[in-house]
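Q: okay, sequence plus prediction incoming.
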Amino acid sequence: MKSRHRTDRGRREFARLFALGGSASLFTATTGAWRNLPVPRPAPSAPDERYWTEVRAGFVMPDGYTCLNAANLCPSPGLVLDAYFDATRSVDRDPSSQNRQKTREGREAARRALAAYLRVTPEEIVITRNTSESNNFVSSGLDLKPGDEVVIFSDNHPSNHTAWQQKAERFGFTVRTVPQVNPHPGATYYVEEFRKQITPRTKVVAFTHVTASVGDLLPARELCALAREHGALSLVDGAQSFGVLDVNLADMQPDFFTGSAHKWPCGPKESGILFVNRRAHQRIKPSIVSLYPGEVGISRTMEAFGQRDEPAIVGFGEALSFQTKVGRPAIEQRAKELTRQLIDGLSRIDGVKVWTHADPSRSAGIMAFQPAGLDVRKLHQALYENDRIACATRTGQDRGGLRFSPHFYNLQSDVERTIDAVKKYVSKGL
């Protein structure tokens, strides 16, 4: 009886909070609020702050809010929200197979957009849920056995690091690791370190294009060439480059490349990409076998995942369209400029230790720093609560501190007030 009373009280409390300002008022207040937000014009040859203010106006973020966490989760522009919610509403109003054919066509349109965006073919694109799933499709889908070796980078994401180690225990192959060095020692150093780890038994070289920790940029093109030279496959984790760097897979020539929509592309959640180079199609097998595969190339065998959130994939395509309208070289340049300004400004604060190399050939889009002797968690919370600045923490022994990752929707004023806020807390305390 007591349990029932507690349940009833819990339901009444939930209903009270819902009525006072929870989800009901949230959806009532904001539904359609993104409609008719401006679509950006192409970036001029030298875009100024007025232009980037126009770009920001295409997002629903309120004035006075600074999002410096693109490496984790980006906001979506109104154009993407329109496409996603319109497609979702259409399916929920009419979930017939006939009506859902429109979103399946939207999925294939997104595949073509992804291929064009990365300068490859639709036959080489698998649309997944995120980078982690894509990375695991590779490590689970290759035929690796005792005697085989996989070379990885020590600063890989767990889905491209721990996943290999666990599967090595299961299938008997060996993992060899190239250690991370801070500050970034340069592209030549890493090419030579990977070369030292590769042996005649190496089957895969798996590394991160840009590290999520401090934004180190690895020489992807050279490392992919090194793998090919030794008859090994290459896997490039592009979670922190896809959508911010002007990635050209036709030039990079990886066997596998992975990425997520919800990070730098500013797309919906739970959509991602696995690129499988044509030469590797016969080397990888599906990890999931179900219904509703893609319609072309490798997606026919690797993308039979069952029922999908196809409206999200439609939104993914619109996110790529939004970035293409702005111009990818301009987006890359903007993110790098803002990151360098953060590095420069924070480096001038007494006691602050910046972990990220200032050279744009060694870092991209992400910077991390130790804020003197301040408690990282408290500073993270103070920046959000007092200054409306969203970022990420890096706790632990490995280059701990805070991580800022600006994107093309950020303004110079965001950078300036972030530097001022950190300086204030370092000087006066929390």
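A: Noted; the coordinates are in hand. Numbering: from 1, shown residues only.
Q: mind listing what residue 239 touches?
A: Shown in contact with residue 239 (Cβ atoms under 8 Å, 6 or more residues apart in numbering): 131, 157, 208, 212, 258, 259, 260, 263. To be clear about C-beta, it is placed using only N, CA and C from the backbone, and glycine gets the same treatment.
Q: and what of residue 398?
A: Neighbouring residues of residue 398 by Cβ under 8 Å, 6+ apart: residue 213.
Q: which helix runs longest in this protein?
A: helix 97-118 (DSSP state H).
Q: other SSEs contacting the next helix or strand along the chain from it?
A: Downstream of helix 97-118, the next assigned helix or strand under DSSP states H and E is strand 125-128. Other elements packing on strand 125-128 under the criterion 3 or more Cβ pairs under 8 Å, 6 or more residues apart in numbering; DSSP states H and E are helix 97-118, helix 131-141, strand 272-276, helix 299-302.
Q: what about the strands in this structure?
A: Remark: strands assigned in the chain by DSSP state E are 66-67, 125-128, 149-153, 174-178, 202-208, 233-237, 256-260, 272-276, 352-354, 367-371, 389-390, 392-394, 401-404.
Q: so which of these is nearest residue 306?
A: Nearest of the strands of the chain to residue 306, taken as Cβ to Cβ: strand 125-128 at 13.1 Å.
Q: strands paired with the closest one, and their directions?
A: strand 272-276 (antiparallel) (DSSP bridges).
Q: starting at the chain centroid, how far to the partner strand?
A: 13 Å (Cα atoms, centre = their mean, to the nearest Å).
Q: what's the angle from it to strand 256-260?
A: Strand 272-276 runs at 170 degrees relative to strand 256-260, counting by axes from the mean of the first three to the mean of the last three Cα atoms, to 10 degrees.
Q: quick one: average pLDDT of strand 272-276?
A: In this model, strand 272-276 has a mean pLDDT of 98.
Q: now swap in stretch 407-425 and tell me
A: Stretch 407-425 shows a mean pLDDT of 98.
Q: before we move on, what about stretch 51-61?
A: Taken as a whole, stretch 51-61 has a mean pLDDT of 96.
Q: per-residue pLDDT, the residue nearest to the spatial centre of the chain?
A: The C-alpha lying nearest the average C-alpha coordinate of the chain belongs to residue 263 (Cα atoms, centre = their mean; 3.5 Å). As predicted, residue 263 sits at a pLDDT of 98.
Q: contacts only, for it.
A: So residue 263 contacts 70, 71, 72, 73, 74, 239, 240, 242, 243 (Cβ under 8 Å, 6+ apart).
Q: 6 Å - rerun?
A: By Cβ atoms under 6 Å, 6 or more residues apart in numbering, the residues touching residue 263 are residue 74.
Q: same check on the one 3 residues further on?
A: Listed by Cβ under 6 Å, 6+ apart, the contact set of residue 266 reads 74, 76, 319.
Q: same question for residue 55.
A: If you count contacts by Cβ under 6 Å, 6+ apart, residue 55 has them with residue 40.
Q: ditto for residue 83
A: Contact analysis of residue 83 by Cβ under 6 Å, 6+ apart lists 314, 315, 318.
Q: ok, it to residue 298 distance?
A: Here residue 83 is placed at a distance of 25 Å from residue 298 (Cβ to Cβ, to the nearest Å).
Q: of the contacts of residue 83 - the most surrounded one?
A: Neighbour counts for the contacts of residue 83 (other Cβ atoms under 10 Å) peak at residue 315, which has 30 neighbours.
Q: ok, and the closest non-adjacent residue to that one?
A: Using Cβ to Cβ, 6 or more residues apart in numbering and skipping the chain neighbours, the partner closest in space to residue 315 is residue 84 (3.4 Å).
Q: what number of residues lie near the one you found?
A: Neighbours of residue 84 under the rule other Cβ under 10 Å: 24.
Q: for residue 78, see how far away it is.
A: Distance from residue 84 to residue 78, by Cβ to Cβ: 11 Å.
Q: same check, this time on residue 214
A: Computed as Cβ to Cβ, the residue 214 to residue 78 distance reads 32 Å.
Q: more neighbours: which of the two?
A: Neighbour totals were compared for residue 214 and residue 78, and residue 214 leads with 25 against 20 (other Cβ under 10 Å).
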